[in-house]
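Student: Below are the sequence and a predicted model for it; my questions follow.
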Amino acid sequence: MASLCHGTLFEIRAQAPAPSKDYHQLLVTDSEVIWRWWKISLRSEFRNVYPGEQKNSYQDFLDDNPQQVHVGVIFGNEVLKYVCNLCQHQFDYLNRIPEGLLMYIISFLELEDIARFSQTSRKFETACNSDKLWEHIVSRYCDTITPEMKALALEVGWKEIFFTNKLQLQKKIRRRRQKVEEFADYMTI
């Protein structure tokens, strides 16, 4: 399975916490951890400071406690834990699934399973609540999708459309139609 991981395994960029304005990048490749920084300051003693870069092997990164503390401060302890796991060859393959493939897989799940799956990670929560997924689910369960439903979905989201009962949905569509007509009347005045 490790052969599936090649090139860049992880990359993150962020500005250091206030009051610093320094910019940092952490890049984990298949063989090393690269730490880059750009000093951002109006102070004269830092004007001629060039960007820096530090490359470490996995073992050197794991042994470099000060650098780990720095990563934790800039990017948070979850990122630090994830990078340490990568350095120990503990790859999280689920987090590396491309978005399109993830949506395809989720589209086969039952509604209860989608709810459970969304609780496993932030990435999966975002995917399980995406309009693209819920548009697919609505089209799978509904006979017809009218242009008015599509317009309402742009306002409230496809997930809201799915979980709204038919009477409430008709009421929302009627209200939206009235607003559009009132706006059109207002514009003709």
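Tutor: Thanks, I have it.
Student: from here on, contacts and neighbour counts on C-alpha atoms
Tutor: Fine.
Student: so where's this protein uncertain?
Tutor: 1-6, 46, 189 (pLDDT under 70).
Student: redo that, cut-off 50
Tutor: Residues of the chain meeting the criterion pLDDT under 50: 1-4.
Student: Find the centremost residue of it, please.
Tutor: Nearest to the mean C-alpha position of the chain, counting by CA atoms, centre = their mean, stands residue 123 at 5.6 Å.
Student: Excluding chain neighbours, what is closest to that residue?
Tutor: Sequence neighbours aside, residue 95 is the residue nearest to residue 123 in space, at 7.4 Å (criterion: CA to CA, 6 or more residues apart in numbering).
Student: is it true that that neighbour touches residue 122?
Tutor: No. Using CA atoms under 8 Å, residue 95 makes no contact with residue 122, being 9.9 Å away.
Student: Check the burial of residue 158 by counting its neighbours.
Tutor: Using other CA atoms under 10 Å, residue 158 has 25 neighbouring residues.
Student: what about residue 186, distance to residue 152?
Tutor: 21 Å (CA to CA, to the nearest Å).
Student: Okay, domains of this protein per the record?
Tutor: 2-95, 97-129, 144-189 (automatic domain parsing).
Student: For residue 135, find the nearest of these.
Tutor: Closest to residue 135 of the domains of the chain, according to CA to CA: domain 144-189, at 5.4 Å.
Student: Can you give the distance from the closest one to the centre of its chain?
Tutor: Distance, stretch centre to chain centre, for domain 144-189: 29 Å (CA atoms, centre = their mean, to the nearest Å).
Student: Would you mind listing the buried residues in the helix or strand residue 102 falls within?
Tutor: Taking DSSP states H and E as the definition, residue 102 sits inside helix 99-106. Using 16 or more other CA atoms under 10 Å as the test for burial, helix 99-106 gives 102-103, 106.
Student: how far does the helix or strand just after that helix sit from the chain's center?
Tutor: Of the helices and strands lying after helix 99-106 in sequence (DSSP H and E), the nearest is helix 111-117. Centroid displacement of helix 111-117 relative to its chain, using CA atoms, centre = their mean, is 19 Å.
Student: what's helix 111-117 in contact with?
Tutor: 106, 124-125, 128 (CA atoms under 8 Å, 6 or more residues apart in numbering).
Student: Between all of those, which two are at the greatest distance?
Tutor: Maximum pairwise distance among the contacts of helix 111-117 (CA to CA): 11.2 Å, between 106 and 125.
Student: And the lengthiest helix in the chain, what does it pack against?
Tutor: Determined from DSSP state H, the single longest helix within the chain is helix 166-188. Contacts defined by 3 or more CA pairs under 8 Å, 6 or more residues apart in numbering; DSSP states H and E place helix 166-188 against helix 147-156.
Student: Show me what the helix it packs on is in contact with.
Tutor: By CA under 8 Å, 6+ apart, the residues outside helix 147-156 that reach it are 160-161, 172-173, 176.
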